[in-house]
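*Asks:* quick check, what structure comes out for this input:
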Amino acid sequence: MARTLRDSNLGTRAARLKLKPRGKPYWKGVEQGLHLGYRRLKGKPGTWNVRHYIGSQTYLVELLGRADDASDADGIAVLSFDQAQRRAREHMVKRAHKEAGQTGPVTVAD
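*Replies:* So this is what the prediction gives:
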């Protein structure tokens, strides 16, 4: 099982509130080619993003959900740092399976 990374800039609500609001996310490496981003918004809860490296200095960026800045995380619409990391890894695995042509569950015949 992959370990959960801790970053003092993104790991807690208090640390995230100290970040300057800006349009570009603050990125944290999760695994090689996979980054978790936190975008701090002015007057609103921040958002979590995932960034996949797809080659030739190109990234695919997707929104994961809202951060737990203003309300407690529920794991679906509002995500904590740990939940956002898990969701980012799930995105990476789904993307890898799709690229390999595996769309369904692994069967005995496979």
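
*Asks:* how many neighbours does E90 have?
*Replies:* Neighbour count of E90, defined by other C-beta atoms under 10 Å: 12. C-betas here are computed from N, CA, C, even on glycine.

*Asks:* the helix or strand encompassing it: which residues count as buried?
*Replies:* Element membership for E90 (DSSP states H and E) is helix 81-100. Using 16 or more other C-beta atoms under 10 Å as the test for burial, helix 81-100 gives 81, 83-89, 91-92, 95.

*Asks:* show me what it is packed up against.
*Replies:* Where contact means 3 or more C-beta pairs under 8 Å, 6 or more residues apart in numbering; DSSP states H and E, helix 81-100 is packed against strand 26-31, strand 34-39, strand 47-55, strand 58-67.

*Asks:* quick one: which of those strands is nearest I76?
*Replies:* strand 58-67 (7.6 Å; C-beta to C-beta).

*Asks:* what's the closest one in contact with?
*Replies:* If you take C-beta atoms under 8 Å, 6 or more residues apart in numbering as the criterion, strand 58-67 is touched by 16, 37-38, 45-54, 76-79, 84, 87-88, 91.

*Asks:* for ChimeraX, write the selection for the buried entries among these.
*Replies:* Applied in ChimeraX, the following selects the buried portion of the contacts of strand 58-67 according to 16+ other C-beta under 10 Å:
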select :16,37,38,45,46,47,48,49,50,51,52,78,79,84,87,88,91
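
*Asks:* does T103 touch H97 like I think?
*Replies:* Yes. Using C-beta atoms under 8 Å, T103 is in contact with H97, at 7.4 Å.

*Asks:* OK, contacts around the residue nearest to N49 when sequence neighbours are not counted?
*Replies:* The shortest distance from N49 to any non-neighbouring residue, by C-beta to C-beta, 6 or more residues apart in numbering, is to G37 (3.8 Å). G37 is in contact with 25-28, 48-51, 61, counting by C-beta under 8 Å, 6+ apart.
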